[in-house]
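Novice: mind looking at a prediction? Sequence and model below.
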Amino acid sequence: MFNGLERKLADFTNDLNFDDIPETAITASKMRILDSVGVAIAAFEAKPCKIARDLACKVKGTDTAQIWGTGKRSSLEDVAFANGVMVRYLDLNDAWRTKDAHHPSDYLPAILAVSESFELSGQKFITALTAAYEIMCRFTDNVPFNEAGWDQPVTGSIATALAAGKLMGLERDKLMHSIALAIIPNLSTYQTRAGELSMWKGCAGPNGARNGVFAARLAREGMSGPFNAFEGIFGVWNQTLSGKKFDINLPDFTSPWDWGIEQTNIKTHAVRDSCQLPIFTAIDLKEKLNGKKITSLNIETYKSAWEGAVKDPELWAPKTRETADHSMLFSVACALADGKVVPESFEEKRFLDDDIIDIIKRCEVTVLDEFSNATPQKRNCRIIATTEDAEKITAHRIVTLEEIKRGMPKAQVIEKFKENTKRFYSPAQQNDIIDKVMDIDQNQNLKSFSENFRFN
């Protein structure tokens, strides 16, 4: 009664072994674990993170894991949510953008929580994490859920359910039930990322992770899910994409493969993925301007970046932190004014300051066909400033898919982790966490792994 895509996803997840994963992907997984912990701890004191932790601390259960930073334990679902909100809140965790956009590390804490609860090895965790990343990235490559008004957790919940189910030892049939139990009850709309954005923007992915863990637990206990989840009369394809059917490419373990966990972009700046390049470009422009005053700015970009970071009028005058970190206009203005965009830029509400608002008012944004047609292989941003003496000064940056795949160097990931966690850990503690993460594939029992992240 299950066929097609459900079976393909379950077969891939079930059949993937640690030995199938190349060393480069194993290293990439460690970089994303370390980065996720760093950005989570950096967000520890943020209001949504506190709300999620407080809620989790009220829940007790038999299958439990640790809330990062606290030493406290809660149910798998609540830990998946609480730790995931910390990872996601600053918008500094990794991202993947091709046909759609995704933040695969939103789901990493949930997969680690299951690994800890079931006292599994680091290799099993990395294997499940790699499978989840692969599923999310390939859906993102092939299925335009966002364009149709549906949000990232639609596929994130599937990937988490499969990864959690694999860790729980579910057979193929139960893995397929977990897919249906993850997606049909939990379809989430793109309204989360439309207009003025709320705290929920950073919580939607972690909620998908929570739903995925619950789906796997239901399937483990014998709950059956709705059959024909994708192709049924009221299935995903008919309800979300007007009946158009899609397939996703997955490795067959016999040929070289570009693994998703190697391809996601580990961010430098605390803004959405499509605002990273404009910040780098604006910093270049600031240096070229050498203090000259500007009368106007033209930002030239590609269509998907415009749709996510420019199109909504709220992005031109953000009133919330969540809207500001999704605004290309704020990102460029802040980079020009301050030479950087950092978490403190949002904590200090720079998006409400007169100098930032004045720069935004001087902006126009142009979508160029040549830039749009070049994506996703090449992403372009060009900013042209006109100065008071009518001089035009231009900065143009390009980032390629190959550069994104090469990723942030290990030393830079470590430096980012240390910068993000310096308020919470001593240098000795930081180095100990780095060592533990780098050796996670040698760890035979992750039961107490999150104890390494405790600071209070």
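Specialist: Now that the structure is in, tell me what you want to look at. Numbers count the residues shown, from 1 in each chain.
Novice: can you report phi and psi for the closest residue to residue 180 other than its chain neighbours?
Specialist: Of all residues not flanking residue 180 in the chain, residue 225 sits nearest, at 2.9 Å (C-beta to C-beta, 6 or more residues apart in numbering). To be clear about C-beta, it is placed using only N, CA and C from the backbone, and glycine gets the same treatment. Taking degrees, to the nearest 10, you get phi -110, psi 170 for the backbone angles of residue 225.
Novice: for residue 225, give me its contacts.
Specialist: Neighbouring residues of residue 225 by C-beta atoms under 8 Å, 6 or more residues apart in numbering: 176-181, 184, 215, 218-219.
Novice: among these, which lie within helices?
Specialist: Among the contacts of residue 225, the members falling in helices (DSSP state H) are 176-181, 215, 218-219.
Novice: report the buried members of those.
Specialist: Buried residues within these, defined by neighbour count using 16 or more other C-beta atoms under 10 Å: 176-181, 215, 218-219.
Novice: mind picking the two most distant members of those?
Specialist: 176 and 218 (12.8 Å; C-beta to C-beta).
Novice: and which of the contacts of residue 225 is nearest to residue 302?
Specialist: residue 179 (33.0 Å).
Novice: that closest one reaches residue 162, doesn't it?
Specialist: Yes - Residue 179 is within contact range of residue 162, at 6.7 Å (criterion: C-beta atoms under 8 Å).
Novice: and for those two, which residues touch both?
Specialist: Common neighbours of residue 179 and residue 162 (C-beta under 8 Å, 6+ apart) are 9-10.
Novice: and residue 16, what is it in contact with?
Specialist: 127, 130-131, 166, 253.
Novice: tell me the pLDDT at residue 229?
Specialist: Note on residue 229: pLDDT of 96.
Novice: now residue 1
Specialist: At residue 1, pLDDT is 68.
Novice: send the alpha carbons of the helix or strand bottoming out on mean pLDDT in the chain over as CSV?
Specialist: Within the chain, no helix or strand scores below helix 401-406, which has a mean of 83 by mean pLDDT, DSSP states H and E. C-alpha atoms of helix 401-406 as CSV (Å, rounded to 0.1, in the frame of the first residue of the first chain):
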residue,chain,number,x,y,z
LEU,A,401,28.1,26.4,-6.2
GLU,A,402,31.6,24.9,-6.2
GLU,A,403,32.8,27.5,-3.7
ILE,A,404,29.8,26.8,-1.5
LYS,A,405,30.6,23.1,-1.6
ARG,A,406,34.2,23.7,-0.6
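Novice: ok now it, how far from the chain's centre?
Specialist: 17 Å (C-alpha atoms, centre = their mean, to the nearest Å).
Novice: wait, residue 82 touches residue 74, no?
Specialist: Yes - at 7.2 Å, residue 82 counts as touching residue 74 under the criterion of C-beta under 8 Å.
Novice: mind checking which of those two has more residues around it?
Specialist: residue 82 (30 against 25; other C-beta atoms under 10 Å).
Novice: quick check: the gap between the more buried one and residue 182.
Specialist: 19 Å (C-beta to C-beta, to the nearest Å).
Novice: if we can go back for a sec, can you list residues touching both of residue 82 and residue 74?
Specialist: 56, 67.
Novice: where do the helices sit along the stretch 351-456 of the chain?
Specialist: For the stretch 351-456 of the chain, applying DSSP state H, counting those that start in this stretch gives helices covering 354-361, 369-374, 401-406, 410-421, 427-438.
Novice: looking at those, spot the one closest to residue 3.
Specialist: Nearest to residue 3, of the helices of the stretch 351-456 of the chain and by C-beta to C-beta, is helix 401-406 at 33.0 Å.
Novice: what does the closest one contact?
Specialist: Counting by C-beta under 8 Å, 6+ apart, 258, 262-265, 376-378 sit against helix 401-406.
Novice: farthest pair in the residues you listed?
Specialist: The most distant members of these, if one measures by C-beta to C-beta, are 262 and 378, lying 18.8 Å apart.
Novice: and residue 108, what element?
Specialist: Element membership of residue 108 [criterion: DSSP states H and E] is helix 108-117.
Novice: likewise residue 137?
Specialist: With DSSP H and E as criterion, residue 137 is part of helix 122-142.
Novice: could you pull out the strands for this protein?
Specialist: 64-66, 73-75, 96-97, 101-102, 294-301, 363-367, 378-387, 392-400 (DSSP state E).
Novice: which helices and strands sit right next to the second one?
Specialist: Under the contact criterion of 3 or more C-beta pairs under 8 Å, 6 or more residues apart in numbering; DSSP states H and E, strand 73-75 touches helix 47-57, strand 64-66.
Novice: cutoff 7 Å now
Specialist: Judged by 3 or more C-beta pairs under 7 Å, 6 or more residues apart in numbering; DSSP states H and E, strand 73-75 is in contact with strand 64-66.
Novice: give the pairing partners of the strand it packs on; include direction for each.
Specialist: strand 73-75 (antiparallel) (DSSP bridges).
Novice: separation between the residue nearest the centre of the chain and residue 97?
Specialist: Geometric centre of the chain, nearest residue: residue 103, 1.8 Å, by C-alpha atoms, centre = their mean. Per C-beta to C-beta, residue 103 is found 10 Å from residue 97.
Novice: and residue 196, how many neighbours?
Specialist: With other C-beta under 10 Å as criterion, residue 196 counts 14.
Novice: got a list of what it touches?
Specialist: Residues counted as contacts of residue 196 (C-beta atoms under 7 Å, 6 or more residues apart in numbering) are 314, 319-320, 323.
Novice: buried subset of those residues?
Specialist: By 16+ other C-beta under 10 Å, the contacts of residue 196 give 314, 320, 323 as buried.
Novice: you'd agree the second one is up against residue 197?
Specialist: Yes - using C-beta atoms under 7 Å, residue 320 is in contact with residue 197, at 6.0 Å.
Novice: now render the contacts of residue 225 as TSV, adding pLDDT and distance to residue 149.
Specialist: Shown next, in TSV, are these (pLDDT from 0 to 100; distance: C-beta to C-beta, whole Å):
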residue	pLDDT	distance to residue 149
176	98	26
177	97	27
178	98	25
179	98	21
180	97	21
181	98	23
184	97	17
215	98	23
218	96	27
219	96	28
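Novice: who does residue 366 form a beta bridge with?
Specialist: Bridge pairing for residue 366 - DSSP bridges - gives residue 300.
Novice: and it, what pLDDT?
Specialist: 98.
Novice: hmm, back to that, neighbour count for residue 262 and residue 378, which is higher?
Specialist: Taking other C-beta under 10 Å, residue 262 and residue 378 do not tie; residue 262 has more neighbours (23 against 16).
Novice: check contacts around the more buried one.
Specialist: By C-beta under 7 Å, 6+ apart, the neighbours of residue 262 are 24-25, 28, 405.
Novice: what's the most distant pair in those?
Specialist: The largest separation in the contacts of residue 262, counting by C-beta to C-beta, is between 25 and 405 at 11.1 Å.
Novice: the more surrounded of the two?
Specialist: Neighbours were tallied for residue 25 and for residue 405 using other C-beta under 10 Å; the higher tally belongs to residue 25 (20 against 15).
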